[in-house]
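Enquirer: Fold the following and give me the result.
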Amino acid sequence: MARLCRLCPGPRTFPTTRGYYQHRRLAHRHPKPPPIESTYRRHPTLDGRPCDKNGAFLPPNQPPEPLPDDINWSPFPDRPSFEFAELMFEEAQLSRGKIDHVLRIWAAKHVADGHAQYGAIFTDFDELLQTIDQIDYGPETWRTFAVRYDGVVDRNSPPWKREVFFIHARNSLHVAEALASSPDFKGRFDVAPFEEYTGPACRRVSNLMSGRWAYKQAISEDANTHGSMLTPVVLGADKTTVSVATGNQEFHPLYMSLGNIHNDMRRAHRESVVPIAFLAIPHAERKWDSDKEFRLFKKQLYHGSLVKILEPLRAGMTTPHVMRCPDGHYRRAIFELGPFIADYPEQVYLSGVVYGWCPRCLALPTADFVNGDPRFREHDRALQDAYDPRDLWDVFGINSSVEPFTMSFPRADIHELLTPDLLHQLIKGAFKDQLVLWVVKYIKITADNEREAGHILDDIDRRLAAVPSFPGLRRFPQGRNFKQWTGNDSKALMKACSACDIFIPAIVGYVPERMVQCITCLLDFCYLARRSEHDTFTLQAMDRLLEQFHQLRTVFEDVGIRPDGFALPRQHSLVHYVRSIQLFGSPNGLCSSITESRHISAVKKPWRASSRHNPLGQILRKNTRLSKLAALRVEFGRRNMFYGDVLSYTLLSAGLDAPEDKEEAQDERFPYVSKIHDLADTLERPQLHRLIRRFLYLVSHPEAQPDNVLDAELIWLWEGEKVAVFYSATAVFYAPSEHAGPHGMHRELIRSTPSWYGEEPRHDTVLVTTDQNALGMDGMVVARVRSFFAFTYDGTQHSCALVEWFSLRDDIPDKVTGMWVVEPELDEHGERVMDVISVGSIVRACHLIPVYGTTRLPHGFSYTDTLDAFRSYYVNWYADYHAHETIT
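Expert: Numbering: from 1, shown residues only. Okay, here's the model as predicted:
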């Protein structure tokens with residue numbers, strides 16, 4: 001359960017022991033490379049100076065007011081009671097009846113042991129809830145306001161005009177204060193906008209406060225605001241369906257975060273994205289679905305609700321509002337409506353544009369749908385003053401009947417605040433819903449007949465099923481012919497199949513080369529967009545890739561797939577990505593995947609735990625209690641109250657000896673002991689003994705050329721020498737764009753085992769460094785691990801790997817796929833060349849995908865044979881984001 005990391009500047013708390021151990025391994029055990037030296041320019045006026053609780057600025061370097069640091073588990077009597085409540089209510093999510101049953105078993109055990117005077121931790125589930133409700137930390141409870149149609153209503157009016165709609169919301173100001181004061185974000189919270197430069201004319205952006213928007217918005221002519229802290233309010237809204245089977249029950253949550261919080265905190269949630277409202281979803285009979293008045297009412301209800309929900313923040317948008325920050329200091333906050341996370345249908349609602357038009361620019365939704373002049377609120381007003389509603393609709397794509405909620409707040413422009421949506425625009429949109437389907441359609445219309453098209457698609461599925469295993473990579477044993485793609489399916493398919501496993505190796509030979517090149521351009525663009533940090537050079541590369549994509553996608557026009565062009569809002573949105581990154585930093589901290597993930601804990605799990613009868617009230621109460629528990633856990637962590645696990649802490653508190661906290665026990669690798677000649681027989685590699693002797697010679701003679709070593713020169717070694725054989729090894733490497741966060745370490749398990757899940761063998765492929773000063777494949781080679789083993793020679797232990805070498809087929813990547821192609825290195829007898837290398841020379845795992853050629857795979861071909869069956873392989877640099885950065 002809850003653990004505290006004392007090595008973090010926060011310190012940081014973790015709700016689970018597993019998360020704590022993983023954090024310790026990645027963040028503290030392995031040294032990180034020093035960050036790139038940068039020059040920072042902080043905003044000159046809104047620089048977030050500390051003040052006292054009354055708003056008076058403090059002298060420089062004065063510490064904050066001390067906070068209580070006594071050991072106080074209130075409202076719980078002790079740590080076991082808190083962790084029991086956390087486990088039952090938050091982690092296990094047991095029902096009322098089951099928790100009552102657990103508590104009765106506990107009390108019965110005391111009676112059976114002759115200690116009837118001792119009860120369980122709680123009498124029953126109601127007492128547990130009452131204790132949670134007494135927590136003083138976390139956002140406040142919800143309030144409800146009612147809205148109804150305010151026009152003329154009579155007995156002939158449709159039902160929706162007579163219906164009362166309820167909106168449930170938290171006080172947005174109190175939520176902002178709770179987020180800003182959370183010590184969990186200490187060291188992950190920017191109090192002022194800044195510019196970062198890594199070199200001449202090379203600006204780097206990552207988190208929101210490093211972007212141009214924050215720096216621009218921070219300009220204030222009011223001297224009373226100087227020294228204040230710009231506090232962007234990040235919002236996100238997205239409808240979600242909790243059950244199709246019971247009638248498509250929908251909810252429309254609105255989430256809130258602060259732009260000062262770093263992106264990695266938002267991606268990891270850490271209570272940095274909070275549900276602040278559940279918006280009303282008006283429903284009517286089908287005959288009213290296309291009624292203009294009903295559609296207008298829904299949009300006006302939507303925007304009016306947002307204005308009401310955000311009203312508590314209005315005063316703080318012009319007059320500084322004093323609130324505490326994660327470092328304990330008070331600061332004078334100036335609130336600013338910041339980026340809004342939404343998919344395209346929600347963006348249409350938010351911006352008041354006509355469906356099919358771009359909510360950010362005035363580009364006409366024609367065949368090309370290229371970039372247009374930007375939309376902005378003053379221009380919208382000028383157009384509405386000059387043109388009638390029909391012209392606004394037809395010529396400018398403006399729905400004049402809808403006034404965006406941002407019109408009601410100072411300095412807020414919804415057209416600028418809409419952020420790129422990696423999930424719906426790239427992964428589900430341009431990739432899955434468009435390119436994937438276009439390629440399938442091309443195969444169907446160009447095949448000789450429907451039966452032949454089916455054969456081709458079946459072969460593509462078999463190619464997908466033949467993809468080798470890779471750490472962290474999801475496989476699709478049945479190809480891509482499954483019925484419904486979830487968000488995780490789409491992301492996994494993009495990661496596992498889009499560039500290599502599906503549309504690159506799988507369709508090479510079945511579609512024109514320009515079609516393959518078009519897809520690779522889009523994927524390269526996406527992988528760059530997904531990075532946690534961007535500089536001037538990566539943004540220039542994104543511009544080039546997008547231009548190439550626009551040029552190459554005309555192949556779909558030429559072959560008749562898109563005869564009417566590309567009037568596609570989700571593809572058009574890509575033209576705004578570079579500008580949005582310059583404004584708001586990396587889009588992976590402002591993506592709808594964050595809100596969709598938040599749906600699980602804020603909506604779906606509470607709904608499943610409800611009685612399903614009028615569930616929204618139960619969902620709200622569940623969210624309130626979860627927020628209170630999370631806030632209390634952070635407060636206990638700030639007071640350094642989570643020492644060790646709950647048993648060790650309680651034993652020490654009672655003055656008893658506690659067992660050592662063996663946090664790395666799960667990392668132990670248990671080898672089996674063999675002898676060199678026995679291992680050679682097991683692996684069917686009789687040359688193993690000679691290769692180990694050759695390895696020892698090269699270790700003792702580092703200046704020797706490996707190709708010139710003679711057998712007579714090799715070091716003597718007894719064939720019966722003992723070796724410890726391992727079935728896996730751990731690679732830890734610097735991976736700034738992985739989920740470890742900026743400047744984080746990534747850990748993966750490389751396997752070489754004769755039986756994977758009790759079935760076929762698995763021998764992963766790896767990248768081996770040959771020149772640490774070279775970039776990409778110029779300094780690495782590909783190898784396949786046949787065995788991991790360790791032995792001791794002359795008092796020194798050597799950790800080694802027996803590998804098969806792969807060599808580059810050409811000096812440049814493949815012109816069609818853009819990927820390097822490797823071939824197994826063969827000796828004069830046609831056998832694969834093997835060698836023994838140090839495990840320390842392995843950089844990380846890599847993923848190889850066959851160059852399938854023109855021969856179709858036979859039925860029943862197993863993916864475990866793939867790395868043995870083909871003459872050449874693509875080096876899949878789309879296996880993960882770090883591979884995309886490394887294999888250039």
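Enquirer: Mind jotting down where the strands sit in the stretch 101-250 of the chain?
Expert: 143-148, 164-169, 194-199, 202-205, 229-237, 240-243, 249-251 (DSSP state E, counting those that start in this stretch).
Enquirer: tell me which strands and helices the longest one is in contact with?
Expert: When you say that, I think you mean strand 229-237. The contact analysis (3 or more C-beta pairs under 8 Å, 6 or more residues apart in numbering; DSSP states H and E) places strand 229-237 against helix 172-181, helix 212-217, strand 253-258, strand 330-341, helix 592-599. C-beta coordinates here come from the backbone N, C-alpha and C atoms, glycine included.
Enquirer: Quick check: Arg143 touching Ser172?
Expert: No: Arg143 is beyond contact range of Ser172, at 11.2 Å (criterion: C-beta atoms under 8 Å).
Enquirer: In terms of neighbours, single out the busier of the two.
Expert: Each of Arg143 and Ser172 has its neighbours counted (other C-beta atoms under 10 Å); Ser172 has more, 24 against 11.
Enquirer: Quick check: that one vs Pro813, distance?
Expert: 51 Å (C-beta to C-beta, to the nearest Å).
Enquirer: same thing with Gly860?
Expert: Taking C-beta to C-beta, one finds Gly860 at 33 Å from Pro813.
Enquirer: who's more crowded, these two?
Expert: The neighbour comparison of Gly860 against Pro813 (other C-beta under 10 Å) goes to Pro813, with 19 against 7.
Enquirer: any weak-confidence spans in the stretch 751-888 of the chain?
Expert: 888 (pLDDT under 70).
Enquirer: ok, now with 50
Expert: Of all residues in the stretch 751-888 of the chain, none has pLDDT under 50.
Enquirer: Then the chain?
Expert: Scanning the chain with the threshold set as pLDDT under 50 gives 246, 482-501, 663-668, 740-742.
Enquirer: Scan it for its longest helix.
Expert: If you go by DSSP state H, the chain has its longest helix at helix 615-638.
Enquirer: for the next helix or strand after that helix, packing partners?
Expert: The helix or strand immediately downstream of helix 615-638 is helix 646-653, counting by DSSP states H and E. Under the contact definition 3+ C-beta pairs under 8 Å, 6+ apart, helix 646-653 sits against helix 79-85.
Enquirer: hmm, who's touching the helix it packs on?
Expert: 1-2, 73, 76, 121-122, 128, 131-132, 629, 632, 636, 641-642, 646, 649-650 (C-beta atoms under 8 Å, 6 or more residues apart in numbering).
Enquirer: One more: stretch 364-376?
Expert: 351, 353, 356-363, 397, 413, 415-416, 550, 564-569, 571-572, 575-576.
Enquirer: from those residues, which would you call buried?
Expert: 351, 353, 357-363, 397, 413, 415-416, 550, 566-569, 571-572, 575-576 (16 or more other C-beta atoms under 10 Å).
Enquirer: what's the spacing between the residue nearest the centre of the chain and Gly589?
Expert: The residue lying closest to the centre of the chain (C-alpha atoms, centre = their mean) is Arg267, at 5.5 Å. Distance from Arg267 to Gly589, counting by C-beta to C-beta: 6 Å.
Enquirer: which stretches of the stretch 651-800 of the chain form helices?
Expert: 676-683, 688-700 (DSSP state H, counting those that start in this stretch).
Enquirer: So which of these is the most surrounded?
Expert: Most buried of the helices of the stretch 651-800 of the chain, by mean neighbour count (mean count of other C-beta atoms under 10 Å): helix 688-700, with a mean of 19.
Enquirer: which secondary structure elements does that helix contact?
Expert: Against helix 688-700 (3+ C-beta pairs under 8 Å, 6+ apart) you get helix 676-683, strand 796-808, strand 834-838.
Enquirer: Just name whatever secondary elements the shortest one is in contact with.
Expert: The helices and strands touching strand 834-838, judged by 3+ C-beta pairs under 8 Å, 6+ apart, are helix 688-700, strand 780-793, strand 796-808.
Enquirer: neighbouring contacts of the first one?
Expert: If you take C-beta under 8 Å, 6+ apart as the criterion, helix 688-700 is touched by 676-677, 679-680, 704, 706, 709, 711, 713-717, 719, 791, 793, 798, 800, 802, 834-838.
Enquirer: Who's the closest spatial neighbour of Arg809, skipping the chain neighbours?
Expert: Distances taken as C-beta to C-beta, 6 or more residues apart in numbering put Val821 closest to Arg809, at 4.4 Å, once the chain neighbours are dropped.
Enquirer: Dig out what that neighbour forms beta bridges with.
Expert: Tyr874 (DSSP bridges).
Enquirer: mind listing what the nearest residue in space to Phe369 that is not next to it in sequence touches?
Expert: Distances taken as C-beta to C-beta, 6+ apart place His572 nearest to Phe369, at 4.4 Å, with adjacent residues excluded. Taking C-beta under 8 Å, 6+ apart, we find His572 in contact with Cys358, Ala363, Pro365, Phe369, Val370, Phe566.
Enquirer: for these, which one is nearest Leu235?
Expert: Cys358 (20.2 Å; C-beta to C-beta).
Enquirer: any idea how far that closest one is from Val370?
Expert: To Val370, Cys358 is 10 Å away according to C-beta to C-beta.
Enquirer: before we move on, back to that, kindly supply the PyMOL command isolating those of the contacts of helix 688-700 that are buried.
Expert: Provided next is the PyMOL selection string for whichever of the contacts of helix 688-700 are buried by 16+ other C-beta under 10 Å:
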select buried, resi 676+679+680+714+715+717+791+793+798+800+802+834+835+836+837
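Enquirer: got a list of what Val833 touches?
Expert: Contacts for Val833 (C-beta under 8 Å, 6+ apart) come out as Glu804, Trp805, Pro824, Glu825, Leu826, Asp827.
Enquirer: Are any of those buried, and if so which?
Expert: With burial judged by 16+ other C-beta under 10 Å, the buried subset of the contacts of Val833 is Glu804, Trp805, Pro824, Glu825.
Enquirer: sorry, back to before: by how many degrees do the longest helix of the chain and strand 164-169 diverge?
Expert: Following axes from the mean of the first three to the mean of the last three C-alpha atoms, to 10 degrees, one obtains 10 degrees for the angle between helix 615-638 and strand 164-169.
Enquirer: Buried residues of helix 615-638, list them for me.
Expert: For helix 615-638, using 16+ other C-beta under 10 Å, the buried residues are 615-616, 618-638.
Enquirer: buried stuff in the helix or strand hosting Phe549?
Expert: Assigned by DSSP H and E, Phe549 belongs to helix 536-552. Buried residues in helix 536-552, counted by 16+ other C-beta under 10 Å: Thr536, Thr538, Leu539, Met542, Leu545, Leu546, Gln548, Phe549, His550, Leu552.
Enquirer: tell me which strands and helices that helix is in contact with?
Expert: strand 202-205, helix 513-529, helix 577-584.
Enquirer: ok and the last one relative to strand 330-341, angle-wise?
Expert: Yep, that's helix 577-584 we're talking about. Orientation note: helix 577-584 sits at an angle of 170 degrees relative to strand 330-341 (the same axes, to 10 degrees).
Enquirer: what's helix 577-584 packed up against?
Expert: By 3+ C-beta pairs under 8 Å, 6+ apart, helix 577-584 packs against helix 212-217, helix 513-529, helix 536-552.
Enquirer: Would you reformat the ones you listed as CSV and include distance to Glu336?
Expert: Below are these laid out as CSV (distance: least, C-beta to C-beta, whole Å):
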stretch, distance to Glu336
helix 212-217, 5
helix 513-529, 25
helix 536-552, 24
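Enquirer: Ile167 is nearest to which of the ones you listed?
Expert: helix 212-217 (28.0 Å).
Enquirer: Put the alpha carbons of stretch 698-716 into PDB.
Expert: Only the C-alpha atoms of stretch 698-716 are listed here, as PDB (Å, rounded to 0.1, in the frame of the first residue of the first chain):
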ATOM      1  CA  LEU A 698      39.900  -9.900 -26.400                       C
ATOM      2  CA  VAL A 699      39.200  -8.700 -22.900                       C
ATOM      3  CA  SER A 700      42.800  -9.100 -22.000                       C
ATOM      4  CA  HIS A 701      44.000  -7.600 -25.300                       C
ATOM      5  CA  PRO A 702      41.600  -4.700 -26.000                       C
ATOM      6  CA  GLU A 703      43.900  -3.400 -28.800                       C
ATOM      7  CA  ALA A 704      43.600  -6.700 -30.800                       C
ATOM      8  CA  GLN A 705      41.500  -6.800 -34.000                       C
ATOM      9  CA  PRO A 706      38.700  -9.400 -33.500                       C
ATOM     10  CA  ASP A 707      39.000 -10.700 -37.100                       C
ATOM     11  CA  ASN A 708      42.700 -11.400 -36.800                       C
ATOM     12  CA  VAL A 709      42.700 -13.500 -33.600                       C
ATOM     13  CA  LEU A 710      44.100 -17.000 -34.200                       C
ATOM     14  CA  ASP A 711      43.100 -20.100 -32.300                       C
ATOM     15  CA  ALA A 712      46.600 -20.700 -31.200                       C
ATOM     16  CA  GLU A 713      46.600 -17.300 -29.300                       C
ATOM     17  CA  LEU A 714      43.500 -18.000 -27.300                       C
ATOM     18  CA  ILE A 715      43.600 -18.300 -23.600                       C
ATOM     19  CA  TRP A 716      43.300 -21.800 -22.100                       C
END
